[in-house]
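Colleague: structure, please.
(chains A, B and C)
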Amino acid sequence: MHGMDLDWKRFVTDRTIDFYLHECALIRQLTPDIPVTTNFMAEGHATQDFIPLEGIDYSKFARHVDIVSWDSYPDWNNNFESLAATAMKSAYVHDQYWSLKKQPFLVMECTPSFVNWHSFNKAKKPGVHQLSAMQQIAHGSDSTLYFQWRQSRGNSEKFHGAVVGHDDSTENRVFKEVAAYGKRLEKIKEIQGTTRKKAVAILFDWESNWALKRGGGFGRPTRRYPQTLQEHYRYFWEQDIAVDILTPEQDFSDYQLVIAPMLYLMTAETMAKLCQYTEAGGTLISSYFSGMVNETDLLYLGGLPQPLRGLLGINVLELETLFDTEHNQVVFQGQPFETRDYSAIIEAETAEVLGEYQADFYQGTPAITKNAFGAGTAYYLAARTNYDFFEQFYASLVRELSLAEERIAHANPEVSIQGRISPERTYFFIMNFSEKEQTLDLIKEVVDLETNQAVPPTVTLAPYEVRVVYFNN
Amino acid sequence: MHGMDLDWKRFVTDRTIDFYLHECALIRQLTPDIPVTTNFMAEGHATQDFIPLEGIDYSKFARHVDIVSWDSYPDWNNNFESLAATAMKSAYVHDQYWSLKKQPFLVMECTPSFVNWHSFNKAKKPGVHQLSAMQQIAHGSDSTLYFQWRQSRGNSEKFHGAVVGHDDSTENRVFKEVAAYGKRLEKIKEIQGTTRKKAVAILFDWESNWALKRGGGFGRPTRRYPQTLQEHYRYFWEQDIAVDILTPEQDFSDYQLVIAPMLYLMTAETMAKLCQYTEAGGTLISSYFSGMVNETDLLYLGGLPQPLRGLLGINVLELETLFDTEHNQVVFQGQPFETRDYSAIIEAETAEVLGEYQADFYQGTPAITKNAFGAGTAYYLAARTNYDFFEQFYASLVRELSLAEERIAHANPEVSIQGRISPERTYFFIMNFSEKEQTLDLIKEVVDLETNQAVPPTVTLAPYEVRVVYFNN
Amino acid sequence: MHGMDLDWKRFVTDRTIDFYLHECALIRQLTPDIPVTTNFMAEGHATQDFIPLEGIDYSKFARHVDIVSWDSYPDWNNNFESLAATAMKSAYVHDQYWSLKKQPFLVMECTPSFVNWHSFNKAKKPGVHQLSAMQQIAHGSDSTLYFQWRQSRGNSEKFHGAVVGHDDSTENRVFKEVAAYGKRLEKIKEIQGTTRKKAVAILFDWESNWALKRGGGFGRPTRRYPQTLQEHYRYFWEQDIAVDILTPEQDFSDYQLVIAPMLYLMTAETMAKLCQYTEAGGTLISSYFSGMVNETDLLYLGGLPQPLRGLLGINVLELETLFDTEHNQVVFQGQPFETRDYSAIIEAETAEVLGEYQADFYQGTPAITKNAFGAGTAYYLAARTNYDFFEQFYASLVRELSLAEERIAHANPEVSIQGRISPERTYFFIMNFSEKEQTLDLIKEVVDLETNQAVPPTVTLAPYEVRVVYFNN
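Modeller: Okay, the predicted model is just below:
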């Protein structure tokens, strides 16, 4: 019973919150002035995924914590991908937990070196802990807390990293790196409590994810809803354009661009909100797997539901599944892009066709469409594409919507720049997520927050180096 | 306790039949004129196997149903093999279920598009449903029934294919294909109730399969009894020579060729029947793994049992197991053929040696033998070979036994021709199991059953096209 | 609770011994003159590992059996490695079971042909059974007993090899090989009861192995303590230098070389014994993963424990884990050697640095060290290396310590020579573990025990051939 299973998952979230509130009641009575929170989590696994915990709807839970906090254990130096790829996924989770309350959060746990639950548990290379911890602050954390302070002598976490190791030594490499990072935090402490400013939102819905992962049909290993959102996110992260990750229930009316692919479960309210947003001038991205079931996990009958059909200007005829070794192609802006996993077979009604399938029995049918709706525009991506398509597709949109105007340097995919903002100053963390020296030409004049010296127009960053700069508003 | 385990499996079959009969009793009382049946199954799995269900002895069950019926879900377009390979295995299961009662059966369930229980669930390509459904009729089905008529809105089968989809539309591609197929059935309805005519039998025994799969020794992943029968079957299917798949308990005395490899469990009665069949002029194929245990799963002691030793003219000394990456070679009719999985090491007594092993410590010993026995001939295939050997081996036998005389065209491995026969007419389904246009030169004059026009001597079939033709007897 | 888990494993060993003693009590009363034993085991698995059973501490159990006995089922011809590789691991287990009591043991079970519990169960090639059985005697067994004498007709071991097969025949290949081997044993029976002489010991500790395998951190698949000991052992086996495998509780003071890598759990007593041994002139090999926890599985705090720090002349700073696809390099004696799995990052205090890491953040730090300690020398291998390093490293030590003086021929890695000794004679088994003819030039004059003829200075061995020779002391 898929609908009841969905309710069961809601119930698990509700009961977890109830239990938390039961514990809070006494705490709030005893220490009414101390904020209350509990650790949120993210999931790693062996497949190089790193996504927010799927099992509990944190968008509900977040309403009941004073401050969002989480245990941050990305696979830094403990996977086979580039450091930048790990950093992107880490940034995504930070941004999603920022977005839950749109206020600074706490990193409640992290390791200065290694964890102990993977098949292979490698230490962060020298410098990587400081880099990864600075990224926490850049994305809105007001803390870096550790598990564990002193490495336990025995039992299951005896080989988990710690600030003080089994050698009890302050000459230990790891201890010295933590101490040095602490000294830097002292120098940038005015950043504490500052906020962030964003014009792009990605929509993620825990309930839709539960429904989509449940049961048969399509490709079981290829649904990957949050992972697909991260592939959209990656473009903006590489371009140093800050992104919020919101639920459909949050207010997204002020964002210039709303990216809502694979929104499989949609209520009538969500459909109405997406229509209103676009009608009022917004730009919306939708895709295959969107608007298929309602909040009881029952299919909408009669094709794509009417509100979406008007909004997107298309109807969906079939949703074809591809083997993980199988591909189609879409030609977009004169260039071919490989597709994979899913091909929605659609017909354009009022929508303009921007790209078509190049093969199989649906060859020549629309794969990318654009529909004018009120003062806004709604795009539909019928096929799952690789990252190269997003580079092409979003580059046009970023130009059109002037989303990159506030950057202090041209984008470099291995150097991430993320900002925080106070009423007086705008801060930027310039982070080199690579093993190479990187050189940046600055567009704006900024001051180094730690030295209070003006930063020269050309900045050279050592491997893993982080600079914190600002300009006065 | 292997013997008791075998009895347990017999018990499971018996109890299942008992339960069925218990339900039948009331039905037969209430509706004495309506035939009673229950759905038989086939097994797919991820390995591209498609074989009759192994867990229940349908040869026993079939005695209690008025009509054999089954749920037919081969992996059409949902695997990595050619369509013809899927068609061959589908044909095998149809033929086995035909053979249970040697009368028309029902396809109780099939899907017009996709199923939902695989890792990846792809739709049949346009035209493939009609092709696969026509194949059902060609092999003896008198029906094409669907699961499901209307696609369910919720729960576990909501993404299983259906005649009417979630879009409720009669303009839907799948709906239109089903409707078109229904119209063709109208035109060929005189085929209903007609029978089939076959001169070749393959023997399959559920109990022998249970015993062979049980316990240790040899290669666990390579026993594959029904799958090996399908490799024999493939030759005849590609040659458009119809085959029955019988159990040793059925009467096979009238067949010109009886193929009984890997008949691991043999009763004294079965040995006697095989001797009588051959002595009376029949041609018998036996192989490694034959005649090893009796009906209580106890080994026959003293080498190959005497009746088989006389019949085959050999003794079996050892049964050597090969790794799945390991091979030997057999030279037969002057050509080398690769072997795999198993090498029975035998000595020829009265048998003529037709092929010898080319390597390993048993190099030069017999691998293929032929023994004259009464008016008939018994062959022994000591090694497991690839399909290329069967092409060579069975081509001689087909010529010798004149098994291909009744064909209406020369064989094409991607075009299958299967016939049904009434007292007045002989019908042929000409089915193109390929993505290419295929051209056939007909040997006999036939009439198109749907148009009632004479068919020209050269027929061109579009991809997936099926023609139904006949001649008057 | 890792410490309690360790105690649980001790308890399991103790209870198993208790049960055995309970059964012994009655037996000893009834047959006081007959020695009592029980079958020890070794573990195979699919990964080509072959090591003594890990679950029970046989060093404790051995104190209670009159004679050590074991069931010897290496994967002869049933894996993808060379016969010599299988022979080396088989030799290791024989040597470990010899070393438990330093007296002849019994092979309680072996198969003349195949076993039945693997995925693929291949028979030993002709000649391999005799070779593998002779190896048992060479390493100190006084018996070759079989499971099973007569192949069972039914049930789970019906396809396990046997002396008498289902064919009941004495003309059977396997039966004839067993009979021929029995005749050879008659001719060499004076070897029964003779002893062995060894100057090299490897230390293995069941408790340390339990602790090291437990819980998280590092690389789960790469701990491989006994398998790593076998890689050290291999050098001496290929050089025909006999080795004992002792526990740290046994007396190793008389050995010229003690190899004790990965001794993760070390009591204060063990540390003291290692210091005393080295101080008195011994040569000790230690490595990464040594001396980390005490007998309750609690970490030693404050770096490498003081006794080891003085003994080895180093301190251990970090223990870095490598992915199984990742490598570093060590330069030793001017040559580069690839490392893998683990890199201890150490600093040399009094030790001389013999080799340094070539890459990663610990590039240039010591990887191989040597420390003079009293009249002896202690080496530390900080990195896990491949076999080529052991060839280089141990070749120097063997020369320095004159460990190869008593050989009767120059070493050939595919021909193994192992000796037994009586007060009057020294016996050698010359065993060709290859499919090729091998020629040896003898250094000493020896006599063939079976023919009583002097052996000419150049001996040619057929594939799988074994010669048993001796000289008078």
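Colleague: got the confidence number for the residue of the stretch 301-450 of chain A found nearest chain B?
Modeller: Nearest residue of the stretch 301-450 of chain A to chain B: A:Gly303, at 4.4 Å (Cβ to the nearest Cβ). (Glycine included, C-beta is placed from N, CA and C.) If you check A:Gly303, the pLDDT there is 95.
Colleague: next: A:Gly215.
Modeller: 83.
Colleague: the residue of the stretch 301-450 of chain A closest to chain B is in contact with B:Ser169, isn't it?
Modeller: Yes: counting by Cβ atoms under 8 Å, A:Gly303 touches B:Ser169, with 7.0 Å between them.
Colleague: which strand or helix spans the residue of the stretch 301-450 of chain A closest to chain B?
Modeller: Using DSSP states H and E, A:Gly303 sits within no helix or strand.
Colleague: without its sequence neighbours, what residue ends up closest to it?
Modeller: Sequence neighbours aside, B:Asp167 is the residue nearest to A:Gly303 in space, at 4.4 Å (criterion: Cβ to Cβ, 6 or more residues apart in numbering or on different chains).
Colleague: so what's the one you found up against?
Modeller: Neighbouring residues of B:Asp167 by Cβ atoms under 8 Å, 6 or more residues apart in numbering or on different chains: A:Leu301, A:Gly302, A:Gly303, A:Leu317.
Colleague: that one: what secondary structure?
Modeller: At B:Asp167 the chain is in coil, as set by DSSP: H, G, I helix; E, B strand; the rest coil.
Colleague: for chain C, see how far away it is.
Modeller: 48 Å (Cβ to the nearest Cβ, to the nearest Å).
Colleague: pLDDT wise, what is that residue at?
Modeller: 96.
Colleague: do the same with the one 5 residues further on
Modeller: Reading off the confidence values, B:Asn172 has pLDDT 94.
Colleague: now it. Nearest residue, chain neighbours left out?
Modeller: Nearest non-adjacent residue to B:Asn172 (Cβ to Cβ, 6+ apart): B:Gly165, at 5.3 Å.
Colleague: same check, this time on A:Tyr357
Modeller: Once flanking residues are discounted, A:Tyr357 sits nearest to A:Ala367: 5.0 Å by Cβ to Cβ, 6+ apart.
Colleague: for A:Ala280, same thing?
Modeller: A:Ala375 (6.2 Å).
Colleague: cool, A:Ala133 as well?
Modeller: Using Cβ to Cβ, 6+ apart, the nearest residue to A:Ala133 is A:Thr144, at 4.6 Å.
Colleague: how near is that neighbour to chain B?
Modeller: 41 Å.
Colleague: next, count neighbours for that residue.
Modeller: When neighbours are counted by other Cβ atoms under 10 Å in any protein chain shown, A:Thr144 registers 23.
Colleague: buried only: go through the contacts of B:Asp167 for me.
Modeller: Buried subset of the contacts of B:Asp167 (neighbour count, 16 or more other Cβ atoms under 10 Å in any protein chain shown): A:Gly303, A:Leu317.
Colleague: among the contacts of B:Asp167, which two are most distant?
Modeller: A:Leu301 and A:Leu317 (14.3 Å; Cβ to Cβ).
Colleague: next, count neighbours for whichever residue of chain A sits closest to chain C.
Modeller: Here chain A gets closest to chain C at one residue, A:Phe159, 2.6 Å apart by Cβ to the nearest Cβ. Here the count is done by other Cβ under 10 Å, and A:Phe159 has 21 residues near it.
Colleague: confidence score at it?
Modeller: 97.
Colleague: thinking it is in contact with C:Arg220, fair?
Modeller: No: contact criterion Cβ under 8 Å: A:Phe159 and C:Arg220 do not qualify, at 11.2 Å.
Colleague: quick check: phi and psi on the residue nearest to A:Ala133?
Modeller: The phi and psi torsions at A:Thr144 (degrees, to the nearest 10) take the values phi -130, psi 100.
Colleague: for it, which residues are in contact?
Modeller: Residues near A:Thr144 by Cβ under 8 Å, 6+ apart: A:Val107, A:Cys110, A:Ala133, A:Gln136, A:Ile137, A:Tyr181, A:Leu185.
Colleague: tell me which element the first one is part of?
Modeller: In other words, A:Val107. Using DSSP H and E, A:Val107 falls in strand A:105-109.
Colleague: can you tell me which helices and strands the helix or strand that that strand is followed by packs against?
Modeller: Going down the chain from strand A:105-109, the next helix or strand is helix A:128-138, by DSSP H and E. Other elements packing on helix A:128-138 under the criterion 3 or more Cβ pairs under 8 Å, 6 or more residues apart in numbering or on different chains; DSSP states H and E are helix A:83-101, strand A:141-144, helix A:173-187, strand A:415-421, strand A:425-432, strand A:466-472.
Colleague: next, count neighbours for A:Ala280.
Modeller: 11.
Colleague: just list the residues touching it, thanks.
Modeller: Counting by Cβ under 8 Å, 6+ apart, A:Ala280 touches A:Ser253, A:Gly374, A:Ala375, A:Gly376.
Colleague: so the residue nearest to A:Ala280 makes contact with A:Glu279?
Modeller: Yes: assessed by Cβ under 8 Å, A:Ala375 is found in contact with A:Glu279 at 6.6 Å.
Colleague: restricting to C-alpha, output stretch A:346-357 in PDB.
Modeller: Extracted C-alpha coordinates of stretch A:346-357, given in PDB (Å, rounded to 0.1, in the frame of the first residue of the first chain):
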ATOM      1  CA  ILE A 346       6.200  14.500 -25.000                       C
ATOM      2  CA  GLU A 347       4.200  16.600 -27.400                       C
ATOM      3  CA  ALA A 348       4.600  20.400 -27.500                       C
ATOM      4  CA  GLU A 349       1.300  22.200 -27.300                       C
ATOM      5  CA  THR A 350       2.000  25.900 -26.800                       C
ATOM      6  CA  ALA A 351       5.700  25.300 -25.900                       C
ATOM      7  CA  GLU A 352       8.600  26.200 -28.200                       C
ATOM      8  CA  VAL A 353      10.800  23.200 -29.000                       C
ATOM      9  CA  LEU A 354      14.500  23.900 -28.200                       C
ATOM     10  CA  GLY A 355      15.900  20.400 -28.600                       C
ATOM     11  CA  GLU A 356      14.800  17.000 -30.100                       C
ATOM     12  CA  TYR A 357      15.700  13.400 -29.600                       C
END
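Colleague: how far out from the middle of the chain is it?
Modeller: Here the centre of stretch A:346-357 is set off from its chain's centre by 29 Å, with Cα atoms, centre = their mean, to the nearest Å.
Colleague: so what touches that stretch?
Modeller: By Cβ under 8 Å, 6+ apart, the list of residues contacting stretch A:346-357 reads A:309-310, A:312-317, A:328-333, A:337, A:339, A:343, A:363-372, A:379-380, A:382-383.
Colleague: now that stretch: buried residues?
Modeller: Under 16+ other Cβ under 10 Å, the buried positions of stretch A:346-357 are A:Ile346, A:Ala348, A:Ala351, A:Leu354, A:Gly355, A:Glu356, A:Tyr357.
Colleague: same question, stretch A:42-53
Modeller: A:Ala42, A:Gly44, A:Phe50, A:Ile51, A:Pro52.
Colleague: and for stretch A:380-398?
Modeller: A:380-385, A:389-390, A:392-394, A:397-398.
Colleague: that stretch vs chain B: in contact?
Modeller: No: contact of stretch A:380-398 with chain B (Cβ under 8 Å from any Cβ of the partner chain) is absent, the minimum separation being 13.6 Å.
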